[in-house]
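> here are the coordinates; sequence isn't available:
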């Protein structure tokens with residue numbers, strides 16, 4: 001998931017964005033959609049839109065604009081669902097990124113029942129990060145496989161599916177935390193040094 005971008009927006013303290021409309025003349029308004037908002041490549045250009053006599057500058061803050069979660073492109077497209085979020089460019093309209101921040105690997109998004117892609121930023125972990133942050137024989141990896149063994153034996157019902165997705169969200173959060181803070185696999189070090197029993 002890529003977080004850097006080159007476009008900025010002005011966000012009002014209500015959580016809406018400053019946008020420009022036309023009704024014979026330019027009309028300034030607030031919108032909930034960040035892609036309808038005025039965007040600029042630098043922060044100073046945004047403040048030119050806020051006139052002192054019309055908008056109180058103290059009510060606005062500059063925030064980064066939305067980017068494609070797969071590649072960081074600022075040219076976002078509206079998907080067949082009619083929604084923007086999670087944000088994707090035309091190239092990655094049917095892809096999900098690795099859940100680890102900064103990884104450029106993607107995977108094809110699964111289809112919903114209506115044929116539209118299920119887009120999410122936390123649905124996949126690439127093989128490299130899977131091996132690094134959820135190592136073999138770790139407690140997290142064993143728990144992950146236990147969910148599938150249990151489902152194979154008893155079948156997937158609503159309760160097991162909810163339990164798996166709750167576990168998956170915690171697993172992704174743990175992997176992201178390890179990627180951000182650094183992770184030392186003590187079991188792997190012990191195996192390499194020959195200190196295992």
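The structure has been received and is ready for your questions. Computed from a prediction, not measured in an experiment: that's the story for all the values here.

> please state the offset of the host helix or strand of residue 192 from the chain centre?
Counting by DSSP states H and E, the element that carries residue 192 is helix 186-193. On the basis of C-alpha atoms, centre = their mean, to the nearest Å, helix 186-193 sits 33 Å off its chain's mean C-alpha point.

> same thing with stretch 166-186?
16 Å.

> same check, this time on stretch 100-118
With C-alpha atoms, centre = their mean, you get 11 Å for stretch 100-118.

> same check, this time on stretch 17-37
With C-alpha atoms, centre = their mean, you get 26 Å for stretch 17-37.

> avg pLDDT for that stretch?
Average pLDDT, stretch 17-37: 81.

> surely residue 172 touches residue 122?
Yes - shown here, residue 172 and residue 122 form a contact pair, counting by C-beta atoms under 8 Å, at 4.8 Å. Heads up, the C-betas are built off the backbone N, CA and C, glycines and all.

> is the residue positioned nearest the centre of the chain in a helix, a strand, or coil?
What sits nearest the mean C-alpha location of the chain, by C-alpha atoms, centre = their mean, is residue 121, with 3.8 Å. Of the three states, residue 121 takes coil under DSSP: H, G, I helix; E, B strand; the rest coil.

> the host helix or strand of residue 62 packs against which elements?
Here residue 62 sits within strand 60-64, counting by DSSP H and E. Under the contact definition 3 or more C-beta pairs under 8 Å, 6 or more residues apart in numbering; DSSP states H and E, strand 60-64 sits against strand 8-12.

> angle of the strand it packs on against strand 60-64?
Angle, strand 8-12 to strand 60-64, by axes from the mean of the first three to the mean of the last three C-alpha atoms, to 10 degrees: 140 degrees.

> following element in sequence after strand 8-12, please.
strand 17-22.

> what pLDDT, on average, does stretch 161-176 get?
Here the average pLDDT along stretch 161-176 is 94.

> in that stretch, which residues are buried?
Residues of stretch 161-176 classed as buried: 164, 168, 171-172, 175-176 (neighbour count, 16 or more other C-beta atoms under 10 Å).

> how about residues contacting the longest helix seen in the chain?
What stands out as the longest helix in the chain, according to DSSP state H, is helix 158-181. Outside helix 158-181, the residues that touch it by C-beta atoms under 8 Å, 6 or more residues apart in numbering are 99-101, 122, 125, 129, 133-134, 140, 143-144, 147, 150-151, 154.

> out of the residues you listed, name the ones that lie in helices.
Per DSSP H, the subset of the contacts of helix 158-181 in helices is 129, 133, 140, 143-144, 147, 150-151, 154.
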